[in-house]
Every structure is written in C-alpha cells, then in structure tokens.
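> here are the coordinates; sequence isn't available:
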C-alpha cells in the first residue's frame, strides 16, 4: 500500500466496477494516492453508485454509472472521461503498490512507447500463486483518447 502521495499527475486511473468487492476501497485509496484523477465506472442504473459506499464522493474521483454493454465499451467510456493524456487501468480488486506508483511517477513526461504492460501477482484465498501465472502481464497503461 502507498503511504504517501506519489506524483503521477499526468496519469488518470480508470477502475471498472461490476459488483463492488471488499477490496474496492483499497483499490480506490491506492489510486487516489497516486493520481489526482480517478474515474470509477459502475455497471448499473442511476443510483447504483450508492453501492460503493462513497458518500460524499472523494475529491479527484469521478463516479460514472453505465449499463454494461461489453468490457471494451466500459473501458472506453472511462477513458473518454479521463482528464490526463495517459490512462492506467486498475481492477476493482487490485491495488497499486509503492513500487508501481514510483515507476508511474518516473514515467510521467517520457514518450518512449504508447502502451505498457504490468506484471501481476495473482492471489487465491489470500495466497499468492507464485508457480502458476508467474509471468502474467496485463496491458494497463496507454495514451488516452
């Protein structure tokens, strides 16, 4: 978990939420400590954002409600509302580690590539799968719309 704010001011973070998990608030907290623009896209109808338990909505966080019409469509909807030129995608049951936040802050301002992947460690019942999915990477950071 990030304990102090890391300046990733050129990166927006998009979190998609279908069903809020018990890990969502941890994901949101780690995103907020890394970026001043967090876009949360909730699957559902107006009023479903109340399920997140964010009352009032924290500063720097936009909560959008949109009925799910495909993963890519939800993701693109979040990207359309991002304020910064770069977008990082975070699942609602994941969090940004201190190391990743530091790498993102060092990245801001460089134009080496247009898409970046992140290595992910998968957990099942609070146990890391160190021998399965060892080299799993996900495309997470790209230039916005």
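Received, thanks. Everything numeric in this text was worked out from a predicted model, so none of it was measured.
> what's the burial count for the closest residue to residue 52 other than its chain neighbours?
Excluding the flanking residues, the one nearest residue 52 by C-beta to C-beta, 6 or more residues apart in numbering is residue 20, at 5.4 Å. Bear in mind the C-beta positions are built from the backbone N, C-alpha and C, glycine included. Using other C-beta atoms under 10 Å, residue 20 has 18 neighbouring residues.
> In this structure residue 20 contacts residue 51, no?
Yes. The pair residue 20 / residue 51 is scored as a contact, 5.3 Å apart, by C-beta atoms under 8 Å.
> hmm, back to that, from residue 36, how far off is the residue nearest to residue 52?
In this view, residue 20 and residue 36 are 23 Å apart by C-beta to C-beta, to the nearest Å.
> List the contacts of residue 63.
40, 42, 49, 52, 54, 57 (C-beta atoms under 8 Å, 6 or more residues apart in numbering).
> run the last query once more with 6 Å
40, 49, 57 (C-beta atoms under 6 Å, 6 or more residues apart in numbering).
> ok, now how distant is the residue lying closest to residue 84 once chain neighbours are set aside from residue 60?
Spatial nearest neighbour of residue 84, chain neighbours left out: residue 12 (4.3 Å); criterion: C-beta to C-beta, 6+ apart. To residue 60, residue 12 is 10 Å away according to C-beta to C-beta.
> One more: residue 70?
Noted for residue 70: a distance of 27 Å to residue 60, by C-beta to C-beta.
> Of the two, which one has the most company?
Shown here are residue 70 and residue 60; by other C-beta under 10 Å, residue 60 has more neighbours (14 against 8).
> Done for today, thanks.
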